[in-house]
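K.L.:
Need coordinates for the following:
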Amino acid sequence: MIVRPLFISQLAGFKDIRVIKIITGVRRCGKSTLLELFRGHLLGSGVQPEQIIDINLEDANYRDLLEPYKLHDYITAKLLPEKMNYIFLDEIQNVSDFQKAVNSLHIKNNVDLYITGSNAYMLSGELATLLSGRYVEIHLLPLSFKEYLSAFSEHTPPSIGSDTIRRYKDYLINSSFPYTLELAQRGDGKKQIRNYLGGIYNTILLKDIVARKKISDVLMLESLVRFLFDNIGCETSTKKIADTMTSAGRKISVQTVESYISALVDSFILYRAGRYDIKGKQHLKTGDKYYLVDPGLRYFLLGSQIGDEGRILENMVYLELVRRGYEITFGKVDNVEVDFVAVKEGNPIYFQVALTVREQSTLERELRPLNIIRDHHPKYLLTMDDDLPATFNGIQRLNVLEWLLEDFSR
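P.N.:
Numbers count the residues shown, from 1 in each chain. Next comes the predicted model:
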């Protein structure tokens, strides 16, 4: 079991605080395991086993608890009256009108409540209204590259060598979903991983999107998914997507594209980055970029020979910035683009990402947008080049794998 200290720390920071802790994330990213790890953390800090009530609502043993008041009564009967009770409800969206049970449990003084869900629908509509100001969302992603490496017996090397680069390539193709690490150890690991990723992909499309959105044209949805997977990191608009698909023989309206993309984002399979005018300091309404939650899903759908390594690398940097708690847009300054404007607590950091800048013309092209920015906030150029770190007019060039492995919790 891979320890995930960043997320354990986030949960521990809200322990015994009267807010509902909601762990969200794409299916199979490790939410149930995180609850298990946090349960161990609680026991290690002095909490007694009888103070913890742990219910996985995908387990058939709890099939009688899929109605809110039955779930509520079951838990209430087990509460210890003189102690804090830690309630773990895994995959809560399986309970109809689950917000009714959650709200009632939350108002009890001796309940500390932790719940998980696989899509963002559980944070919309009635739940957001009923629990406004009463919950905190802890968003979980599949394994970071650093977490992925921690699964292997060898220690992470102090410098980036061939072993680390090989692991990175495996990480991209085999997927960052935790269970694929176990599948990779089998004799037919690649086939097993492909089947596993296919199961995740089909479940998200058919259960989280088609069923909830009542989509009748599944082939149209799949065509849109292929388009978006093939164009990660490319600026686009819903009109451009609709026009492109229509010209390719798949007639689709702008409204349908918007609805489908919204569902993909809500299911955490896609992430949207908007456009930001750095000089004007304002968010722009036109043009978005989309990034995929896991590179292995892209290889599963499009094939291992499909795609631009540079855009895949950009995708990995985007996901890492999400893990590190940044709000992310891509920047426009004059007539050039900055790959990422990452903001935390009001302070921006600027990033350019490139596979290599060994050619002088490429280096100059990547540095130009950052040089135009006149403020004094940090600016980074991340590449796969193994040169020693360097500085260009205050812009720091770093090896991207070293950046992915750094301790950012300091």
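K.L.:
Show me how the chain divides into domains.
P.N.:
5-140, 147-405 (automatic domain parsing).
K.L.:
Quick one, grab the pLDDT at S304.
P.N.:
S304 carries a pLDDT value of 69.
K.L.:
all strands for the chain, in order.
P.N.:
For the chain, applying DSSP state E gives strands covering 20-24, 52-56, 85-90, 111-117, 135-139, 270-277, 282-292, 327-333, 336-344, 347-354, 379-383, 390-392, 395-399.
K.L.:
quick one: average confidence on the third one?
P.N.:
Pointing back at strand 85-90 there. 97.
K.L.:
and that strand with strand 52-56, angle?
P.N.:
10 degrees (axes from the mean of the first three to the mean of the last three C-alpha atoms, to 10 degrees).
K.L.:
partners of strand 85-90 in the sheet?
P.N.:
Using DSSP bridges, the strands paired with strand 85-90 are strand 52-56 (parallel), strand 111-117 (parallel).
K.L.:
and these, which is most packed in?
P.N.:
strand 111-117 (a mean of 23; mean count of other C-beta atoms under 10 Å). Yep, even glycine has a C-beta here, placed from its N, CA and C like the rest.
K.L.:
What angle do strand 20-24 and that one make with each other?
P.N.:
Going by the same axes, to 10 degrees, strand 111-117 makes 20 degrees with strand 20-24.
K.L.:
Tell me who's in contact with the residue nearest to the spatial centre of the chain.
P.N.:
Residue closest to the average C-alpha location in the chain (C-alpha atoms, centre = their mean): L141, at 3.7 Å. By C-beta atoms under 8 Å, 6 or more residues apart in numbering, the contact list for L141 reads 25-26, 29, 176, 293, 319, 322-323.
K.L.:
In helices, which of the residues you listed fall?
P.N.:
Applying DSSP state H to the contacts of L141, the entries found in helices are 319, 322-323.
K.L.:
Can you say which of those are buried?
P.N.:
319, 322-323 (16 or more other C-beta atoms under 10 Å).
K.L.:
Just checking, which helix or strand of this protein averages the lowest pLDDT?
P.N.:
helix 126-130 (a mean of 64; mean pLDDT, DSSP states H and E).
K.L.:
From L66, how far out is E137?
P.N.:
23 Å (C-beta to C-beta, to the nearest Å).
K.L.:
again with R324
P.N.:
Distance from R324 to L66, by C-beta to C-beta: 36 Å.
K.L.:
cool, F152 as well?
P.N.:
40 Å.
K.L.:
If we ignore the residues flanking it in sequence, what's nearest the most far-flung residue of the chain relative to its centre?
P.N.:
Using C-alpha atoms, centre = their mean, the residue of the chain lying farthest from its centre is E82. It sits 38.3 Å away. In space, and not counting its chain neighbours, E82 is closest to N110: 7.9 Å by C-beta to C-beta, 6 or more residues apart in numbering.
K.L.:
export the ones in helices among the contacts of L141 to CSV and tack on pLDDT and distance to Y260?
P.N.:
Below are these laid out as CSV (pLDDT from 0 to 100; distance: C-beta to C-beta, whole Å):
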residue, pLDDT, distance to Y260
L319, 98, 22
V322, 97, 22
R323, 96, 26
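K.L.:
from those residues, which is closest to L302?
P.N.:
L319 (18.1 Å; C-beta to C-beta).
K.L.:
was I right about that closest one contacting I312?
P.N.:
No - using C-beta atoms under 8 Å as the test, L319 is too far from I312 to be in contact (10.9 Å).
K.L.:
Which residues in stretch 267-287 does the neighbour count mark as buried?
P.N.:
267-271, 273-276, 278.
K.L.:
Average pLDDT for that stretch, rounded please.
P.N.:
pLDDT averaged over stretch 267-287 gives 88.
K.L.:
Straight-line length of it, end to end?
P.N.:
21 Å (C-alpha to C-alpha, to the nearest Å).
K.L.:
Pull the number of nearby residues for the residue nearest to M1 when sequence neighbours are not counted.
P.N.:
Spatial nearest neighbour of M1, excluding adjacent residues (C-beta to C-beta, 6+ apart): T33 at 6.5 Å. Counted with other C-beta atoms under 10 Å, residues neighbouring T33 total 16.
K.L.:
And A242, by the same measure?
P.N.:
20.
K.L.:
what about it, distance to F229?
P.N.:
A242 is 17 Å from F229, by C-beta to C-beta.
K.L.:
Check S267 too.
P.N.:
From S267 to F229 the distance is 14 Å (C-beta to C-beta).
K.L.:
same deal with G325?
P.N.:
From G325 to F229 the distance is 26 Å (C-beta to C-beta).
K.L.:
Looking at those two, which one has more neighbours?
P.N.:
Set G325 next to F229 and count neighbours by other C-beta under 10 Å: F229 wins out with 21 against 13.
K.L.:
Closest one to L206 out of the contacts of L141, please.
P.N.:
The closest of the contacts of L141, once distances to L206 are taken by C-beta to C-beta, is V26, at 14.7 Å.
K.L.:
residue contacts, the nearest residue to that closest one once chain neighbours are set aside?
P.N.:
For V26, ignoring the flanking residues on the chain, the nearest one in space by C-beta to C-beta, 6+ apart is F268 at 4.0 Å. Contact analysis of F268 by C-beta under 8 Å, 6+ apart lists 24-26, 29, 118-120, 293.
K.L.:
Top of those residues by number of neighbours, please.
P.N.:
V293 leads these on contacts (other C-beta under 10 Å) with 26 neighbours.
K.L.:
Distance check, it against Q360.
P.N.:
From V293 to Q360 the distance is 36 Å (C-beta to C-beta).
K.L.:
just L66 next, same as before
P.N.:
63 Å.
K.L.:
next one: A12
P.N.:
49 Å.
K.L.:
Excluding its own residues, what touches stretch 393-400? List them.
P.N.:
With C-beta under 8 Å, 6+ apart, stretch 393-400 has contacts from 160, 313, 316-317, 353, 357, 367, 370-371, 378-387, 389-391.
K.L.:
Output it as CSV - backbone C-alpha positions only.
P.N.:
Extracted in CSV, the C-alpha atoms of stretch 393-400 (Å, rounded to 0.1, in the frame of the first residue of the first chain):
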residue,chain,number,x,y,z
ASN,A,393,17.2,36.8,-16.7
GLY,A,394,15.6,35.5,-13.5
ILE,A,395,13.9,32.5,-15.2
GLN,A,396,14.9,29.2,-13.7
ARG,A,397,15.3,26.2,-16.1
LEU,A,398,14.8,22.9,-14.2
ASN,A,399,14.7,19.3,-15.2
VAL,A,400,11.0,18.4,-15.1
